[in-house]
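[1] Pasting the sequence and the predicted model now:
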Amino acid sequence: MAVLMLLLAALRPARGQDSHPAPTPTRESAATLVVFNNADPASVALAAYYARRRAIPLDHVVGLTCPLTEEISRADYDNTIADPLRKIFTDNGWWHAPADPKLPVSDNRIRFIALMRGIPLKIASTGNYPGDSFKGIPQFGTNAAAVDSELATLGLRTRKITGPFWNPYFKSFTPFMDAPLAPFMLVCRLDGPTVDIVEHMIDGAISAERRGLAGFAYVDLRGITSGAMAEGDQWLAAAAVDLRQYGFPVIWDTQEAVFPADFPMDHTAVYLGWYTAQVQGPMARPDFRFEPGAIAVHIHSFSAATLRDPVANWCAPLLAHGAAATLGNVYEPYLDLTPHLDVFTDRLRNGFNFAESAYAASRALSWMTTYVGDPLYRPFGDLGIDSFDATGRPAIEYEAFKEGAHTWYEKGHAAGQKQLEESAKRLHSGIVWEGLGLLEWSLLANEAARDSFAEAEKCYGTSEDALRTVLHQVEILASENKLDQARSIAARALSKYRGFHGTEVLRQAIGLPPPSGTTQ
């Protein structure tokens, strides 16, 4: 009763104290279940907060009493999560469960599940699980799994759990509400190192959804062109092209190492990369922040081994630095059974929500991926420029670049270049000039790209953004073996932008040692 009263109180904000506009119920919100842990008061409060912000019906907010640890046994999963949820679904008439327990459910009214911080993250492997059998590829012979991915198959009602279950929604282009997949649900979690971080995820997603996600996309490849691991680079390269065609200024790196720690990685709305065990690069800096609503994914086998430590692995640090959504692995998934990020970005740009995009990108269920973010988050909407006040100017600049990029791809490069140059001059916009230079650079139109970056530097003024455009110019010149010109531009920038992030990257680009008294 105490939990129910707390939930009711949280769902009913005090008059005049809720600064968020009343949400509009949607077909998806009516088909969403919010699950919290009765043993964790913060989990109860977060469930109420999310339900209120997304207009989730009160009877779709349910509590389970389960362990507070991130890792649980298979017995704990069955006894405290899976079996109680099946009973709740049956008692509420949300699905039809045939009398034969070996048959899957049908007519499932719940299509999305949001697990709140406090619900365990992962299920440890167990031996001799009753009814289980496995005759597949040896490396898949484990019944360990992420709770999210396991719950996605709840309606199958099977005890054969070892190995992956091949996802029938993989690469689908059908909204999940319309997909004839009653036994399956798309399960995500709102989780992270602290309660405040989870609230920021919720708020950032809804804010970006209303205004449109705006900023730069940074894509970090490894330069792999052959072998089994080349697939990861192929995903990222395709995702970069997709994001560019959508209308993001895209900066990508093809070196094996991640973006250098000192790289001026500002205005990050999307980050995709791989493959280090622990967070590195700009995102490890205490001062780094993502744009509100940012999508950030780093591929690694154990990127989500924990979501509670803000400096461990990748997922938790990305969330701690302001990302609204990420994907990660709780145990070894093997590359092909991690989300295919090219499919993920394609579905996002085509208007699918976070849950649909992430699960359409996943070949396997009952496996190792955790989907961390608001399942209903739909980030790639149009920018609502009129809704911006103090931040209206950059919103206009991003929208101008997006429109010009669409012209570039739909009507030809010359038409796009003309439109982007006109917008950049009219708005005196470093963002538009830099975005144009990145498009030109992608076609190896190096001289035009350098000119655009030089114009961007003038518009940005004295800032890390300006220094980033100098890095672009120096990289182009170095690739053309025009080293004297590269050093001349770099020397000027090192004097002008002293103290900004990016100077050490610039020094390394032209072969200079760090200043005396510093270490790398």
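    Noted; the coordinates are in hand. Residues are numbered from 1 along each chain as shown.

[2] what residues go with each domain of the chain?
    Here the chain is described, according to automatic domain parsing, as comprising the domains 2-12+24-189, 194-331, 388-509.

[3] Comparing these, which comes out most buried?
    domain 194-331 (a mean of 21; mean count of other CB atoms under 10 Å). Quick note: C-beta positions are derived from backbone N, CA and C, even for glycine.

[4] which residues in the stretch 301-450 of the chain form helices?
    315-320, 341-349, 354-360, 392-411, 413-427, 430-442, 446-460 (DSSP state H, counting those that start in this stretch).

[5] before we move on, back to that, now the domains of the chain in JSON lines, with mean pLDDT and distance to Ser366?
    Listed next are these as JSON lines, based on pLDDT from 0 to 100; distance: least, CB to CB, whole Å:
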{"stretch": "domain 2-12+24-189", "mean pLDDT": "92", "distance to Ser366": "4"}
{"stretch": "domain 194-331", "mean pLDDT": "95", "distance to Ser366": "12"}
{"stretch": "domain 388-509", "mean pLDDT": "93", "distance to Ser366": "39"}
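
[6] For Gly351, find the nearest of those domains.
    Minimum separation from Gly351 across the domains of the chain (CB to CB) falls at domain 2-12+24-189, 9.1 Å.

[7] Any idea how far the closest one is from the middle of the chain?
    Relative to its chain's centre, domain 2-12+24-189 lies at 21 Å (CA atoms, centre = their mean, to the nearest Å).

[8] wait, Ala239 sits on Leu341?
    Yes: using CB atoms under 8 Å, Ala239 is in contact with Leu341, at 4.9 Å.

[9] Give the residues shared as contacts by the two.
    Shared contacts of Ala239 and Leu341 (CB atoms under 8 Å, 6 or more residues apart in numbering): Leu272.

[10] returning to what we had before: in TSV: the domains of the chain, plus distance to Glu356.
    Formatted as TSV, these follow (distance: least, CB to CB, whole Å):
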stretch	distance to Glu356
domain 2-12+24-189	5
domain 194-331	13
domain 388-509	22
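
[11] wait, which of the ones you listed is closest to Gly373?
    Among those, the nearest to Gly373 by CB to CB is domain 194-331 (2.8 Å).

[12] Of the domains of the chain, which is nearest Arg378?
    Smallest distance to Arg378 across those (CB to CB): 5.6 Å, for domain 194-331.

[13] Compute the first-to-last residue distance for that closest one.
    Its first and final residues considered, domain 194-331 spans 22 Å by CA to CA, to the nearest Å.

[14] now stretch 366-375
    For stretch 366-375, the first-to-last residue distance is 18 Å (CA to CA).

[15] what secondary structure does Val474 sit in?
    Under DSSP: H, G, I helix; E, B strand; the rest coil, Val474 falls in the helix class.

[16] isn't it right up against Ala509?
    Yes: with contact defined as CB under 8 Å, Val474 reaches Ala509; the gap is 5.3 Å.

[17] Now the common contact residues for these two.
    Taking CB under 8 Å, 6+ apart as the criterion, Val474 and Ala509 both touch 486, 490.

[18] If you drop the residues flanking it in sequence, what lies closest to Leu341?
    Trp235 (4.5 Å; CB to CB, 6 or more residues apart in numbering).

[19] how close does the one you found sit to Leu272?
    Using CB to CB, to the nearest Å, Trp235 is found at 8 Å from Leu272.

[20] Need the residues touching each of these two.
    Residues touching both Trp235 and Leu272 by CB under 8 Å, 6+ apart: Leu341.

[21] Indicate which one of the domains of the chain is closest to Phe380.
    Closest among these, using CB to CB: domain 194-331, at 6.4 Å.

[22] which residues touch the spatially closest residue to Ala144 that is not a sequence neighbour?
    Once flanking residues are discounted, Ala144 sits nearest to Ser125: 4.0 Å by CB to CB, 6+ apart. Applying CB under 8 Å, 6+ apart to Ser125 gives the contacts 74, 142-144.

[23] Quick check: Ser125 vs Phe140, distance?
    From Ser125 to Phe140 the distance is 12 Å (CB to CB).

[24] returning to what we had before: hang on, the residue nearest to Leu341 is in a strand, isn't it?
    No: going by three-state DSSP, the assignment for Trp235 is helix, not a strand.

[25] from what I can see it touches Asp342, true?
    Yes: contact criterion CB under 8 Å: Trp235 and Asp342 qualify, at 4.5 Å.

[26] what about the strands in the stretch 151-300 of the chain?
    For the stretch 151-300 of the chain, the strands defined by DSSP state E, counting those that start in this stretch occupy 165-166, 186-190, 216-220, 250-253, 268-274, 295-299.

[27] so which of those comes closest to Met177?
    Closest to Met177 of the strands of the stretch 151-300 of the chain, according to CB to CB: strand 186-190, at 10.1 Å.

[28] Please name every helix or strand in contact with the closest one.
    Here strand 186-190 touches strand 112-116, helix 147-151, helix 195-211, helix 354-360, strand 369-372, going by 3 or more CB pairs under 8 Å, 6 or more residues apart in numbering; DSSP states H and E.

[29] Around the closest residue to Ser357 other than its chain neighbours, how many other residues sit close by?
    Nearest residue to Ser357, sequence neighbours excluded (CB to CB, 6+ apart): Arg347, at 3.7 Å. Neighbour count of Arg347, defined by other CB atoms under 10 Å: 23.

[30] Please report the distance of His60 from Leu33.
    5 Å.

[31] what's the answer for Ile224, then?
    40 Å.

[32] ditto for Arg27
    Using CB to CB, we find Arg27 at a distance of 15 Å from Leu33.

[33] before we move on, what about His428?
    His428 sits 49 Å away from Leu33, taking CB to CB as the criterion.

[34] swap in Leu483?
    60 Å.

[35] Identify the residues contacting Asp253.
    By CB under 8 Å, 6+ apart, Asp253 lies in contact with 218-221, 259.

[36] Quickly name whichever of those is closest to Ile299.
    Using CB to CB, Asp220 is the member of these that sits closest to Ile299, with 9.9 Å.

[37] May I have the beta-bridge partners of that closest one?
    Asp253, Gly273 (DSSP bridges).

[38] That one against Phe263, yeah?
    No: assessed by CB under 8 Å, Asp220 is found out of contact with Phe263, at 10.0 Å.

[39] got any residues that touch both of those two?
    Counting by CB under 8 Å, 6+ apart, the common neighbours of Asp220 and Phe263 are Gly281.

[40] that's a strand at Val34, yeah?
    Yes: secondary structure of Val34 (three-state DSSP): part of a strand.

[41] For it, give me its contacts.
    Neighbouring residues of Val34 by CB under 8 Å, 6+ apart: 47, 50-51, 56, 60-62, 113-114, 116.

[42] Let's see which of those end up in helices.
    Taking DSSP state H as the definition of helices, these contribute 47, 50-51.
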